[in-house]
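1. Generate coordinates for the sequence data below:
(2 chains)
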Amino acid sequence: MFELGDQHRMVQDMFRQWCERELLPKVPSLEKGEPPYDLMRQMLDAFGMRDALRASLKKRLSKMGDDGKPLASGDAKGKEGDELESAMRDPLISFLLVKEMSRISPGYATSFGVSTGLAGFNVMAKGTKRQIEKYGIPLVTLDKVGSWCLSEPGSGSDAFGSMRTTAKKSADGGYVLNGTKTFITNGPFADVFVLYAKLDKGDGNPNKAVHAFILERGMTGLSTGQPFDKMGMQDSPTSEVFLEDVHIPAENLLGEREKDPDAARDDTRQNLGHERSGIPAMCLGIIERCYELSMKYAKERVQFGRPILDFQAVQLKLANMYIHYQNVWNGVMRLAWAAREGKPDLAFTCAQKVYCAKAAVEVAMDSIQIHGGYGYMREYHVEKLARDAKMLELGAGTTDINLLQVVRLERERLT
Amino acid sequence: MKIAVIIKQTPDTETVVKINDAGNDIVGTGVKYVMSPYCEFAVEEALRTKEKLGGEVVVVSLGPDRVLETIRTALAMGCDRAIHLKDPAYEGGDGQATAKALAAALKTVSPDIVFAGKQAIDGDQSQVAVRVAELAGLAQATIVTALEIAADGKTAKATRRSEGGGEVVELKLPALISCEKGLNEPRYASLPGIMKAKKKEVKELKPAELGLEGQVGAAGAKAKRVKLLPLAERKAGRRIEAETPEAAAAELVRLLREEAKVL
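-> Reported below is the predicted structural model:
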């Protein structure tokens, strides 16, 4: 459980080789705003994963009821002998990919993760068979670019309470959506928007349930803003999404079933947990790379007649990085185990998200310190990693909100 | 078509190697090993040949346990099976002793075409591929940047890089092709490939099974490395002191012309 087996090591090597050879040279142009999606498709093709995913998901589709649930229970684990099938569902392999992308570009990893993991995963998990076929599979294989729209200009940490985007029932049985979403990863280029809105049934009930809807670019009334200029994650295009009387048919309600407020809220929470479980693997990539680059630099950089690694001030920083590195690895391994065993633990996930994001920022900043003035230069990779790392303390729920959630859950558990 | 590819595991180009106390080898611990980059071109060309003309690709490599990882990489890229020449007796050989073992192993495959890197990036001797071709009685083209194999699998046309230009040679198969950068873009091992690689056959062959007892490794070597020389330390740069920028520029041009002789 604490060590990668031979196959996982080979998979990690394959991801690393590609990211260092193909992604690293592209980072400057991606940071200047070049869309990353063709590169992502090339990446999945290089790993033979795009076709394999498509084939595997189509197979799953054929064994699915109209509600999107498997017809026969008990084959969730995949059949013996179908190693590729189980590799595709292996959370550790997903985490390794996220880690390796994040060693080079956390922004690229974010954009990839939101499209395939958040938008794609959501539709795969909650969609009906028809929605999985039309949106889920194309999102997971990157045939379509996806975004996941929750935050609004006036609704961040208080995501549900302050949400103002509404979906009103229309006469034809569909919905009319109005509102503005912001900080939407892939917003400027997305084909598909998995978007949260409060369902207004027109009955005057103030307690409106939050539901997820599937929107597509090209729908009348849907538009997106210019890419934001950000501190980091510049290679992850982000924008606002505007909705002005966007009419959608009933079949674009994710899951095609209206829910009461509590059930709808639990659903969305579950997705947030999923979003948060990807962050530690990103942090691991940042920490691993910063730690390696710092060690290398400290060995090579000579001041006062000796490598700076000989100085205890530098050694202590590296030791601290090592502690974070090992802790984050252990946490990622546990999250992979929990996902594989079907034992999600939201309190642990939130706590791990907080710890890993803080550790990533600390390690990246210390790495710049060890590199001195060079660390502040864009040419030295730690500069980008530090800028990107900070976002991980803000996105997927800020540090504070995640901590509050830990206590809320623990308070219930320990009564 | 029977296709064989010879590969070598070498230290990663980014690894900083240390010379051992005896001064004749590198220190193995802490070294990251990879497939020699020219061997990647060879594997890729072997796979493309199979994709075009059908058949089977057999990987052959010589070296200790750790080499299995590189063999698995080749299998994950798509090669069908492997032969691993693994025995302490194979160690310490020169180009001739290694080539003898590889040529004997190839005989068990009877390939129509053999691919190899033009050189390994550790010893840089460029000896093994040409010696294998010689010992196995194969036609050969070295430093190949383009290759066309006739549809009937009987002949091939290879473009070779030579000093300042190139040449095109026609070969009768069976032949050995030593591969140069530019021949192709090697693929990455794929996820499906990695999953399949574990089940593919890796056959170990000992010197006795090749009828080469006492003829391979150090025992079969005719040349022996006695010393490794570290890279010379880079000299410090030189600073030009002058009264005016014009004078400094004139002095720089003089030095570039007369001392560095680059102008």
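2. Okay, the spatially most central residue of chain A and chain B: tell me how far apart.
-> Geometric centre of chain A, nearest residue: residue A:113, 4.0 Å, by C-alpha atoms, centre = their mean. According to C-beta to the nearest C-beta, to the nearest Å, residue A:113 stands 18 Å off from chain B. Just so you know, the C-beta spots here come from the backbone N, C-alpha and C atoms, and that holds for glycine as well.
3. what sits against that residue?
-> A:98, A:278, A:282 (C-beta atoms under 8 Å, 6 or more residues apart in numbering or on different chains).
4. Could you confirm it falls within a helix?
-> Yes - Residue A:113: assigned to a helix according to DSSP: H, G, I helix; E, B strand; the rest coil.
5. okay, now the closest residue to chain B within the stretch 1-150 of chain A: neighbour count?
-> The nearest approach of the stretch 1-150 of chain A to chain B comes at residue A:48, 2.9 Å away (C-beta to the nearest C-beta). When neighbours are defined as other C-beta atoms under 10 Å in any protein chain shown, residue A:48 has 22 of them.
6. from what I can see it touches residue B:192, true?
-> Yes - under the criterion of C-beta atoms under 8 Å, residue A:48 makes contact with residue B:192 at 4.7 Å.
7. in its sheet, what does the lengthiest strand in chain B sit against?
-> Secondary structure of chain B per DSSP state E: the longest strand is strand B:139-149. Strand pairing for strand B:139-149, using DSSP bridges, gives strand B:155-162 (antiparallel), strand B:175-179 (parallel).
8. Using JSON lines, please lay out these together with mean neighbour count and mean pLDDT.
-> Output for these, formatted as JSON lines (neighbours: other C-beta atoms under 10 Å in any protein chain shown; pLDDT from 0 to 100):
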{"stretch": "strand B:155-162", "mean neighbour count": "17", "mean pLDDT": "95"}
{"stretch": "strand B:175-179", "mean neighbour count": "28", "mean pLDDT": "97"}
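9. got the ones you listed as CSV, with distance to residue B:31 columns?
-> What follows is the strands paired with strand B:139-149, written out as CSV (distance: least, C-beta to C-beta, whole Å):
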stretch, distance to residue B:31
strand B:155-162, 30
strand B:175-179, 24
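10. List just the one of those strands that sits closest to residue A:329.
-> Residue A:329 lies closest, by C-beta to C-beta, to one member of those: strand B:175-179, at 38.3 Å.
11. Report the contact partners of the nearest residue to residue A:172 once chain neighbours are set aside.
-> Distances taken as C-beta to C-beta, 6 or more residues apart in numbering or on different chains put residue A:249 closest to residue A:172, at 7.8 Å, once the chain neighbours are dropped. By C-beta under 8 Å, 6+ apart, the residues touching residue A:249 are A:172-174.
12. Weed out the non-buried ones from the residues you listed.
-> residue A:174 (16 or more other C-beta atoms under 10 Å in any protein chain shown).
13. Can I get the contacts of residue A:249 in CSV including distance to residue B:134 and secondary structure?
-> What follows is the contacts of residue A:249, written out as CSV (distance: C-beta to C-beta, whole Å; DSSP: H, G, I helix; E, B strand; the rest coil):
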residue, distance to residue B:134, secondary structure
A:172, 81, coil
A:173, 80, coil
A:174, 77, coil
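14. who in the stretch 51-200 of chain A is up against chain B?
-> A:52, A:83-84, A:87-88, A:93 (C-beta under 8 Å from any C-beta of the partner chain).
15. Run a quick neighbour tally on residue B:213.
-> By the criterion of other C-beta under 10 Å, residue B:213 has 13 neighbours.
16. on that earlier part again, so what does the residue of the stretch 1-150 of chain A closest to chain B look like in phi/psi?
-> The phi/psi pair for residue A:48 (degrees, to the nearest 10) reads phi 70, psi 20.
17. how about the residue lying closest to it once chain neighbours are set aside, what does it touch?
-> Distances taken as C-beta to C-beta, 6+ apart place residue B:190 nearest to residue A:48, at 2.9 Å, with adjacent residues excluded. Contacts here follow C-beta under 8 Å, 6+ apart; on that basis residue B:190 touches A:14, A:46-49, B:76-78.
18. go again using 7 Å as the cut-off
-> By C-beta atoms under 7 Å, 6 or more residues apart in numbering or on different chains, residue B:190 lies in contact with A:47-48, B:76.
19. Same list, those, but as TSV with distance to residue A:263 please.
-> Shown next, in TSV, are the contacts of residue B:190 (distance: C-beta to C-beta, whole Å):
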residue	distance to residue A:263
A:47	38
A:48	39
B:76	45
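20. of those residues, closest to residue A:119?
-> residue A:47 (20.3 Å).
21. so where's the stretch 201-350 of chain A shaky on pLDDT?
-> For the stretch 201-350 of chain A, applying pLDDT under 70 flags no range at all.
22. Which residue ranges of it form helices?
-> A:261-277, A:279-300, A:312-341, A:346-371 (DSSP state H, counting those that start in this stretch).
23. There's contact between residue A:213 and residue A:256 in this structure, I believe.
-> No - if you go by C-beta atoms under 7 Å, residue A:213 and residue A:256 don't touch, sitting 10.7 Å apart.
24. who has more neighbours, those two?
-> With neighbours defined as other C-beta under 10 Å, residue A:213 and residue A:256 compare such that residue A:213 has more, 21 against 17.
25. contacting residues around that one?
-> Counted by C-beta under 7 Å, 6+ apart, residue A:213 has contacts A:167, A:175, A:177, A:195, A:197, A:248, A:252-254.
26. What residues are recorded as beta-bridge partners of it?
-> Beta-bridge partners of residue A:213, as defined by DSSP bridges: residue A:195, residue A:253.
27. ok, now the one 10 residues further on?
-> Counting by DSSP bridges, residue A:223 forms beta bridges with residue A:242.
28. Which positions are bridged to the nearest residue to residue A:300 once chain neighbours are set aside in the beta structure?
-> Leaving aside its sequence neighbours, residue A:300 sits nearest to residue A:307 (C-beta to C-beta, 6+ apart; 6.9 Å). Beta-bridge partners of residue A:307, counted by DSSP bridges, are residue A:302.
29. what helix or strand is residue A:407 on?
-> Following DSSP states H and E, one finds residue A:407 within helix A:399-413.
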